[in-house]
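Trainee: Sharing a sequence plus its predicted fold:
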Amino acid sequence: MPRDTSASRQPSTTLFQVCQGKDCCKRGSAALLEHAEYALADTPVSVAACKCLGECKRGPNVGIKTSGQKKPIVYTGVQTDDVQRIAEAHIERQRSLSL
């Protein structure tokens, strides 16, 4: 039975975007998106699909935006093993900025 984490989940200040453009999809971004949704479910990170991040030949690509940022920081060649590390680095950065 799935657990309800909505009450304990903090408001999201970080958006983890997974490119679903044609080239990234050929390189596994659909599976990467699914993994990110699962791996980051209990974190203050929102996960969403997005369109092209402009690095098509280096995909699959991920963009990270934190509150106040207009453009995402783009990571290229992202694999499932990278998801948690990338998200945690941005969560920690947000914490240090709010101190």
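Mentor: Yep, that arrived.
Trainee: Confidence-wise, which helix or strand of this protein is lowest on average?
Mentor: Within the chain, no helix or strand scores below helix 80-97, which has a mean of 88 by mean pLDDT, DSSP states H and E.
Trainee: Other residues contacting that one?
Mentor: 13-14, 16, 31-32, 35-36, 39-40, 43-45, 62, 64, 66-67, 73, 75, 78 (C-beta atoms under 8 Å, 6 or more residues apart in numbering). For every residue, glycine as well, the C-beta is placed using N, CA and C.
Trainee: which stretches of this structure form strands?
Mentor: 14-19, 45-50, 62-66, 73-75 (DSSP state E).
Trainee: so where's the protein uncertain?
Mentor: Low-confidence segments of the chain, defined by pLDDT under 70: 1-12, 98-99.
Trainee: Grab the most central residue of it for me.
Mentor: What sits nearest the mean C-alpha location of the chain, by C-alpha atoms, centre = their mean, is Phe16, with 2.2 Å.
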